[in-house]
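Chemist: Return a 3D structure for these sequence lines:
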Amino acid sequence: MPVAATLTVDEELNILHDQLRRLKIEYEIFFNNPTKRPPADIEWRVTNLIRKFSDGTRMNFAQRYRYNEMAQRYAIQSDLWRKKTRIREEGYRRPQDAILSVQGVAGASEREARPVYGVTRGAKGSEEPFSVQCSDAESEHEKVESLYKALNAAKQSAGEDAGGTFDSFAAFMKKKTKEIRKQHGCDSVVYSVEMQDGRARLKAKAKK
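Modeler: Model prediction:
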């Protein structure tokens, strides 16, 4: 009997992303079709995947950011879907109920930052800093790439433009590392991705 291939974390997060998109479409169809049943099967798959990664232990920094963004989005949307489903089942008792059923809840509820399914967060609600130590950015390709992915994930989580290409980032790292080593006479440089005032920041510190 053939053994099923084990999916990587990134592959399972891709599945979660696709299932979330499909779930949103199916709920839109459900609320616009009186005879349609709610997409319980898809929602069950989504909640199972979210719970599977809830402790964050299997994920790196970039994966945790991606997971947390999807889990936050699902928490907000599922709350809205529950309200709209209750209104649909009980009937439109108030004019604002009908508005909610068609337009949904917008504004503050979508901007809330709520912890979801036990994702580890820092003292002020930010992710714990991701850091790498570089002595030769040109030869340490994996470290530079992981830092690039973590920085982009942090920017996306904060709603910022992801910025330039990996090649331009690698060139910056090569130049910056040489400058800091020369200036401080150090062996290596520790780079960290941190969230400050809701924005992603890349910090560098000389390491003796």
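
Chemist: Grab the longest helix from the protein for me.
Modeler: In the chain, assigned by DSSP state H, the helix with the most residues is helix 61-90.

Chemist: Can you classify the residue lying closest to Lys208 once chain neighbours are set aside as helix, strand or coil?
Modeler: Using Cβ to Cβ, 6 or more residues apart in numbering and skipping residues adjacent in sequence, the residue nearest Lys208 is Cys186, 5.4 Å away. All C-beta atoms are positioned from the backbone trio N, CA, C, and that covers glycine. Following DSSP: H, G, I helix; E, B strand; the rest coil, Cys186 is assigned to coil.

Chemist: so Cys186 touches Ala206, yeah?
Modeler: Yes. The pair Cys186 / Ala206 is scored as a contact, 4.1 Å apart, by Cβ atoms under 8 Å.

Chemist: if we can go back for a sec, how many residues are close by the residue nearest to Lys208?
Modeler: Residues lying near Cys186 (other Cβ atoms under 10 Å) number 16.

Chemist: now Glu179
Modeler: Glu179: 12 neighbours (other Cβ under 10 Å).

Chemist: In a strand, it, correct?
Modeler: No. Assessed with three-state DSSP, Glu179 is helix; it does not lie in a strand.

Chemist: Let me see the contact set for it.
Modeler: Not one residue lies near Glu179 by Cβ atoms under 8 Å, 6 or more residues apart in numbering.

Chemist: Just the pLDDT for it.
Modeler: Note for Glu179: predicted pLDDT of 90.

Chemist: buried stuff in the longest helix of the chain?
Modeler: For helix 61-90, the neighbour count (16 or more other Cβ atoms under 10 Å) marks 61-72, 74, 76-77, 80-81, 83-84, 87 as buried.

Chemist: what helices or strands is that helix leaning on?
Modeler: Applying 3 or more Cβ pairs under 8 Å, 6 or more residues apart in numbering; DSSP states H and E, we find helix 61-90 packed against helix 9-32, helix 40-52, helix 95-103, helix 108-111, helix 141-157.
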